[in-house]
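Novice: need a structure here:
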Amino acid sequence: MTEFIPPGTLFVDLPSPLPMKRGGALYGARAAYETWGTLNAARDNAVLILTGLSPDAHAAANAGNPDPGWWEAMLGPGKPIDTDRWFVVCVNSLGSCKGSTGPASVNPATGDLYRLDFPELSVEDGADAAAHVVRALGIDTLACLIGNSMGGMVALAYLLRHPGGARAHINISGAAHALPFSIAIRSLQREAIRLDPQWNHGQYDDTHYPESGMRMARKLGVITYRSALEWDGRFGRVRLDQATQSPDRPDDEPFGLEFQVESYLEGHARRFVRRFDPNCYLYLSRSMDWFDLGEYCMEKSGDSDRDTRLGLAQIHVDKALAIGVHTDILFPLQQQQEIADGLRAGGADAQFLPLESPQGHDAFLVDIARFGPAVGQFLAALPAA
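Specialist: The predicted structure is shown next:
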């Protein structure tokens, strides 16, 4: 497998060695990023975006790459994250295959891909890599740190491990620790990949690629990224022979695709599978399951929720906003409430904003009509440093 690096991607060389939280170190590692807007003379107008599991650093079109990005409607001149005011940086996650060093990168010690020789990856490692990018750009303190989904976890780790790293924080559909349901889903996704014979203990290539495992993993993910309400409203029980546009369906498949929703999942999975490295998927997925801010509680009580809140209270920012949606089953709304409460206990002016979007966990990517004003108003109200 090869890495999938968008045109215009920029890179920062990370410290070598780069120690990893769970042991081991990376040598000659790098982090991929892109930027928008202009860093002012005081270097105090920077906003950092940390992404979910699969996105690259190309959040929106820019001079280096005019193609629309994954958050195009949110980021740009006059948009909620207004690049006329803010210098915006988006970092690709450490462990990804989209430019930052990960299992699909070349191991300088062997000249071969890391594959499963990549050290165990934690959310905290991703936070440290992002902090190195910020410092390499000459920024001491971010005006705001924004984290989506897995990026919400990375953002919390960033704020805890790098005190004073940001004056404000927006946590979108994130969490301070993984819940059992989310762990269970991700465990099944990883199992689907590992049980594909083509995975071959991580020793696959483009010719022998665990396509079936990745398809199943992606389908499970997409099901949890949206809500039952949206699935019903969008597809109902429409069968493929009723749809105005339906793919060819072999007649010799007695249990093949029958409903339009099945066809959607199949198409979505097939577009994804060869655009993301399976080993990277395994590493990033497991890093979320391991993450728990309760580890940082000074006096552990044995009550996981209490310890997590106390871990959050060790984070100090001036202002914070935690946003979630009622229909999110992967990072449910109580987790964003927990983040706001915990940051408030640490002295932040922290708000919790539950939204009524029907689109589940992925709402922040598509429901800009709801998320845009919330993010834009919070950023607009931030004072100059």
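Novice: where are the low-confidence patches of the stretch 101-250 of the chain?
Specialist: 242-250 (pLDDT under 70).
Novice: So which residues of it form strands?
Specialist: 144-148, 168-172 (DSSP state E, counting those that start in this stretch).
Novice: So which of these is nearest residue 41?
Specialist: strand 144-148 (18.8 Å; C-beta to C-beta). Using the backbone N, CA and C atoms, a C-beta is placed for each residue, glycine as well.
Novice: follow-up on the earlier one: of all the strands of the stretch 101-250 of the chain, which one is nearest residue 207?
Specialist: By C-beta to C-beta (comparing all of the strands of the stretch 101-250 of the chain), the closest turns out to be strand 144-148, at 34.6 Å.
Novice: Could you measure from the nearest residue to residue 197 once chain neighbours are set aside over to residue 204?
Specialist: Once flanking residues are discounted, residue 197 sits nearest to residue 210: 7.9 Å by C-beta to C-beta, 6 or more residues apart in numbering. Per C-beta to C-beta, to the nearest Å, residue 210 is found 6 Å from residue 204.
Novice: ok so, going back, out of the strands of the stretch 101-250 of the chain, which is closest to residue 118?
Specialist: strand 144-148 (22.9 Å).
Novice: Run through who's touching that closest one.
Specialist: 47-52, 81, 86, 153-156, 158-159, 165-174, 364-365, 375, 379, 382 (C-beta atoms under 8 Å, 6 or more residues apart in numbering).
Novice: Next: stretch 64-80.
Specialist: Under C-beta under 8 Å, 6+ apart, the answer for stretch 64-80 is 6-10, 34, 36, 49, 51, 55-56, 58-61, 81-84, 88, 365, 368, 371-373, 375-376, 379.
Novice: residues contacting the spatially most central residue of the chain?
Specialist: The centroid of the chain falls nearest to residue 52 when counting by C-alpha atoms, centre = their mean (1.0 Å). In this structure, residue 52 makes contact with 148-151, judged by C-beta under 8 Å, 6+ apart.
Novice: now residue 88
Specialist: Here residue 88 is in contact with 35-37, 46-49, 59, 75, 81 (criterion: C-beta under 8 Å, 6+ apart).
Novice: now swap in residue 116 and tell me
Specialist: 103, 201-202, 279.
Novice: neighbour-wise, which of those residues leads?
Specialist: With neighbours defined as other C-beta atoms under 10 Å, the most crowded of the contacts of residue 116 is residue 103; it has 26 neighbours.
Novice: sec struct for the nearest residue to that residue once chain neighbours are set aside, please.
Specialist: Leaving aside its sequence neighbours, residue 103 sits nearest to residue 279 (C-beta to C-beta, 6+ apart; 3.8 Å). Put simply, residue 279 is helix when judged by DSSP: H, G, I helix; E, B strand; the rest coil.
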